[in-house]
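Colleague: model the structure of this input:
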Amino acid sequence: MLTPEGQPAMADWSLTPSKVHLNHGSYGSVPRAAQAQQLGLKEQMDLNPCPWFMSQYDLVAAARREVAAFLGVDPQHLALVHNASAGVSTVYNSLDFAPGAEIVTTNHAYGAVLQGAERVARRAGGRVRIAEIPLDADAETVCALVMAEVTPRTALIVVDQITSATARAFPVEDIAREASLLGVPVLVDAAHAPGVLEFPVPDIEGFWVGNLHKFACAPRGTAALVARGTHADSLEPLIDSWGFPYTFPENFDHVGTQDVTSWMAAGTAFDTIEERYGWDTFRTYAKELCDYGQSLIGEAFTNATGQNPTVDVGMPVGPLRLIRLPDGLATTHEDSHAVRGYISEHLDIETAITTFNGQGYLRLSAHLYNSPKDYEIFAEKAVPELVRLARSL
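Modeller: Here you go, the predicted structure:
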């Protein structure tokens, strides 16, 4: 992928050139233009903090409208928060959970989101019910298994739009439709969806939270909380500030003395991708690149081990792929981090290693700055080392 000036797309980013960057899906990477925009805003803030913070809510409201336009939603349904976990925690802390209330989620849930659900359930004297979703489950199966956990005590269903550890989609619209018939609100954890999906926010009543610092490339600390329906007005910011006279989403525009210049620079990130490449181009390129990487690296593992590392994730996602690691490697959450750190330190490759049901996986991701060479380097350098590590266990 080339810039309009004919340079490799990496020129629009400031990533360390000595590293191979194959993990955009975890923390993202901010284009230089958005970095410069945020730095300029910080300079304005520090030139005269008093008027900046006294009128910051107007700047936040303007940023909220930009984000809403990018996501294709009404700005009156959207608030800005610092990350998807903050949005999830906002919902957990704003809803009324009756004694004995239950929360339904899945075995693919992000760890922090699951821990938050368990905390809320304990406080209510209830429990979290976990739907065990096979990795290769299709949309109909996923919906049926989630809804099978719903009881008269269910106060909330929490479901991923795109899962973190297993790099697959879930049919959130179908689940929300079924839940609405029972009067149960749904919270969609869409941490990976903005930028990946053309229309990431489904037309449902309930809650949706998405990170904008991942594939959408906004400065880190930028996420959206979308709320529709009868529960929207119950949402309150996690930190009380001067928005208390207002209701959602205006009450979230007042954030006190916080540096939220990342929110104000998000629009520059969106525009940079659209104007210099096009979001549709990104989605097509990232899918084709991941297809290539998955095939190449999978073949390298097969040649080295004689085993087929191909994974059926049921509902695959464009810029994310899952490849099974050799048996015994990264079988726990802690071990997966250790393997990732080893690859980074010794091979200069940044990637994601995940675990699910005791099996370790390589999670590939792609963005515009990646090239086929990145995946070729991984196949040449990292695959033999990962096989060696597995055999040494």
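Colleague: packing partners for the one helix or strand I297 maps to?
Modeller: I297 is part of helix 279-305 when elements are defined by DSSP states H and E. Here helix 279-305 touches strand 320-324, strand 359-365, helix 372-377, helix 383-392, going by 3 or more CB pairs under 8 Å, 6 or more residues apart in numbering; DSSP states H and E. C-betas here are computed from N, CA, C, even on glycine.
Colleague: and of these, who's closest to F270?
Modeller: strand 359-365 (18.9 Å; CB to CB).
Colleague: the helix holding I297 to strand 359-365, inter-axis angle?
Modeller: Interaxial angle, helix 279-305 versus strand 359-365 (axes from the mean of the first three to the mean of the last three CA atoms, to 10 degrees): 140 degrees.
Colleague: pull the distance from helix 279-305 to the chain's centre.
Modeller: Taking CA atoms, centre = their mean, to the nearest Å, one finds helix 279-305 lying 20 Å from the centre of the chain it belongs to.
Colleague: show me what counts as buried in that helix.
Modeller: By neighbour count on 16 or more other CB atoms under 10 Å, the buried set for helix 279-305 is 279, 282-283, 285-287, 289-290, 293-294, 296-298, 300-301, 304-305.
Colleague: if we can go back for a sec, could you export the helices and strands packed on helix 279-305 as a markdown table, including distance to I273?
Modeller: Output for these, formatted as a markdown table (distance: least, CB to CB, whole Å):
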| stretch | distance to I273 |
| --- | --- |
| strand 320-324 | 18 |
| strand 359-365 | 16 |
| helix 372-377 | 19 |
| helix 383-392 | 31 |
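Colleague: reformat these as CSV; add mean pLDDT and distance to P200.
Modeller: Below are the helices and strands packed on helix 279-305 laid out as CSV (pLDDT from 0 to 100; distance: least, CB to CB, whole Å):
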stretch, mean pLDDT, distance to P200
strand 320-324, 98, 14
strand 359-365, 97, 16
helix 372-377, 98, 26
helix 383-392, 96, 33
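Colleague: about what we covered before: same question for the helix holding I297, mean pLDDT?
Modeller: In this model, helix 279-305 has an average pLDDT of 98.
Colleague: what number of residues lie near P75?
Modeller: If you count neighbours by other CB atoms under 10 Å, P75 ends up with 16.
Colleague: the one 5 residues further on too?
Modeller: Summarising burial for L80: neighbours were counted as other CB under 10 Å, giving 28.
Colleague: next up, the contacts around it.
Modeller: For L80, the contact set (CB atoms under 8 Å, 6 or more residues apart in numbering) comprises 60, 63-64, 67, 222-225, 252-253, 260, 263.
Colleague: from those residues, pick the one nearest P8.
Modeller: Distance to P8 across the contacts of L80 (CB to CB) is lowest for T222, with 26.1 Å.
Colleague: pretty sure that closest one is touching M264, no?
Modeller: No: using CB atoms under 8 Å, T222 makes no contact with M264, being 9.3 Å away.
Colleague: more neighbours: which of those two?
Modeller: Comparing T222 with M264 by neighbour count (other CB under 10 Å), the higher total belongs to T222, at 30 against 24.
Colleague: just the contacts of L80: which are in helices?
Modeller: The helices, defined by DSSP state H, take in 60, 63-64, 67, 263 from the contacts of L80.
Colleague: which residues touch I239?
Modeller: Counting by CB under 8 Å, 6+ apart, I239 makes contact with 255-256.
Colleague: okay, and the beta partners of the closest residue to V226 other than its chain neighbours?
Modeller: Leaving aside its sequence neighbours, V226 sits nearest to W208 (CB to CB, 6 or more residues apart in numbering; 4.2 Å). Here W208 shows beta-bridge partners V188, V226, assigned using DSSP bridges.
Colleague: what about W208, neighbour count?
Modeller: By the measure other CB under 10 Å, the count of residues near W208 is 29.
Colleague: I figured I162 was touching L320, is that so?
Modeller: Yes: using CB under 8 Å, I162 is in contact with L320, at 7.2 Å.
Colleague: hey, what's in contact with both of these two?
Modeller: With CB under 8 Å, 6+ apart as the test, I162 and L320 both reach 192, 196.
Colleague: show me where the stretch 101-250 of the chain has its strands.
Modeller: All strands of the stretch 101-250 of the chain, identified by DSSP state E, counting those that start in this stretch, fall at 102-106, 127-131, 154-160, 186-189, 206-211, 223-228.
Colleague: and these as JSON lines, adding distance to L347 and mean pLDDT?
Modeller: Formatted as JSON lines, the strands of the stretch 101-250 of the chain follow (distance: least, CB to CB, whole Å; pLDDT from 0 to 100):
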{"stretch": "strand 102-106", "distance to L347": "33", "mean pLDDT": "98"}
{"stretch": "strand 127-131", "distance to L347": "36", "mean pLDDT": "98"}
{"stretch": "strand 154-160", "distance to L347": "30", "mean pLDDT": "98"}
{"stretch": "strand 186-189", "distance to L347": "31", "mean pLDDT": "98"}
{"stretch": "strand 206-211", "distance to L347": "27", "mean pLDDT": "98"}
{"stretch": "strand 223-228", "distance to L347": "31", "mean pLDDT": "98"}
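Colleague: now tabulate these in TSV and tack on distance to A366.
Modeller: Listed next are the strands of the stretch 101-250 of the chain as TSV, based on distance: least, CB to CB, whole Å:
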stretch	distance to A366
strand 102-106	25
strand 127-131	30
strand 154-160	20
strand 186-189	22
strand 206-211	17
strand 223-228	22
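Colleague: any stretches of the protein with poor pLDDT?
Modeller: Applying pLDDT under 70 to the chain flags no residue at all.
Colleague: and if we set it to 90?
Modeller: Along the chain, segments meeting pLDDT under 90 span 230, 393.
Colleague: domain map for it?
Modeller: Domains of the chain are assigned by automatic domain parsing as 9-30+279-392, 33-271.
Colleague: about what we covered before: relative to I175, which of the helices and strands packed on helix 279-305 is closest?
Modeller: strand 320-324 (20.4 Å).
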